[in-house]
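K.L.:
next one to model:
(one chain, ligands or ions: 1)
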Amino acid sequence: MLSEFALIERYFAHSAVQRGDVALGVGDDAALLRVPPGVELAATVDTLIEGVHFLPGADPESLGHKALAVNLSDLAAMGAEPAWVSLALTLPGADERWLEGFARGFHALAGAHGVQLVGGDTTRGALSISVQAFGFVPAGEALRRSAARPGDLIYVTGTLGDAGLGLEAALGRLAAGSEQAAWLVGRLNRPTPRIAAGLALRGIAHAAIDISDGLRADLGHILAASGVGATVHVERLPLSPAFIALAGGEAGWEVALSAGDDYELCFTVPVAREAQLARALADFGCACTRIGVIEEQPGLRLLRASGSAFVPEAGGGYEHFRLQSDG
Ligand SMILES: [Mg+2]
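P.N.:
Residues are numbered from 1 along each chain as shown. Next up is the predicted model:
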């Protein structure tokens, strides 16, 4: 009979990925890692807690994917290429079925991005998952929140609001069982970190952020850090067919503006680089939509196509319960 920690080690002692820049990986007191010359190391950490960031009883394989994905998304938002990751797990007990599923989801995404697991820690307690991720970005080329300038065009990757609506579906508050609802739950549980887009945006985008707390909040971080304002055209917000089928119209815009957990990128591009952006889009691996413009006047203005202001209803119908995402 394996001890609890031997059991955990079975799933995390070996990384599917073996990188040449890892002098020493899992197994000693610390990993030894080589940062290439001319490169800055981007480092980020995110913790997911049961009942706060994910629903109790969540599928372990999806959790393994998501715990890594939200960190890779932060690297993407910096224009950094992911390299290494460490994992700290707090578990109520060593449930082998849970560990096997979690490891499968985690290692599959790490393998897809060439990321090596280089260390970790396990403790006993209420279920909580901390992942720290490290990536490379050529010195001076990182995409910062503070770099937006008046006149920049504002873009987002993919579609917005899917995860927020997926949470409603997961909680049984949308017509259950439909194909659309299942797809939206997938967007909540298995977000796609926009790594390729982040890398392609180096040298093109001024500012970038990943959308973890909703477009309004995260674009707000860019505006605050850059000391600028913006106008966003609500009819331009990119919405998926599944989203439109279940939440079209004005209530839909409110969800697309405020719901978190989509992990798309929001970024700003100077007009002079529009042609460069058009050429780079082929490398994104996803769609990209222009939604507005950065302005000198502080604050975020939401406009309809008619030119009138869009005023979201306070506490719009879809936010009874909200998972927290602090990334
Ligand atoms: Mg972030």
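K.L.:
for stretch 209-217, buried residues please.
P.N.:
Taking 16 or more other CB atoms under 10 Å as the neighbour-count basis, stretch 209-217 is seen to contain the buried residues 209, 210, 211, 212, 213, 214, 215, 216. All C-beta atoms are positioned from the backbone trio N, CA, C, and that covers glycine.
K.L.:
I figured the fourth one hits residue 260, correct?
P.N.:
Spelled out, it's residue 212. Yes - with the criterion set as CB atoms under 8 Å, residue 212 and residue 260 qualify as a contacting pair; they are 5.7 Å apart.
K.L.:
ranges for the helices of this structure?
P.N.:
Along the chain, counting by DSSP state H, helices occupy 4-12, 60-78, 96-112, 162-170, 179-189, 195-200, 215-226, 241-247, 249-258, 274-280.
K.L.:
what's the closest of these to residue 286?
P.N.:
Residue 286 lies closest, by CB to CB, to one member of the helices of the chain: helix 195-200, at 6.3 Å.
K.L.:
and the closest one, C-alpha only, in PDB?
P.N.:
Written as PDB, here are the backbone C-alpha positions of helix 195-200 (Å, rounded to 0.1, in the frame of the first residue of the first chain):
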ATOM      1  CA  ILE A 195      -0.500  31.900 -25.900                       C
ATOM      2  CA  ALA A 196      -0.100  32.100 -29.600                       C
ATOM      3  CA  ALA A 197      -1.900  35.400 -29.800                       C
ATOM      4  CA  GLY A 198       0.100  36.900 -27.000                       C
ATOM      5  CA  LEU A 199       3.400  35.900 -28.700                       C
ATOM      6  CA  ALA A 200       2.200  37.300 -32.100                       C
END
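K.L.:
can that helix be said to contact the ion?
P.N.:
No - judged by CB under 5 Å from the ion, helix 195-200 stays clear of the ion, getting no closer than 11.2 Å.
K.L.:
ditto for stretch 183-193
P.N.:
No - residues of stretch 183-193 contacting the ion under CB under 5 Å from the ion: none, with a closest distance of 10.6 Å.
K.L.:
mean confidence score for that stretch?
P.N.:
In this model, stretch 183-193 has a mean pLDDT of 96.
K.L.:
again with stretch 212-221
P.N.:
Across stretch 212-221, the average pLDDT comes to 96.
K.L.:
stretch 252-262 too?
P.N.:
Along stretch 252-262, the predicted local confidence has a mean pLDDT of 93.
K.L.:
residue numbers of the stretch 101-250 of the chain in contact with the ion?
P.N.:
Proximity of the stretch 101-250 of the chain to the ion, by CB under 5 Å from the ion, involves residues residue 210.
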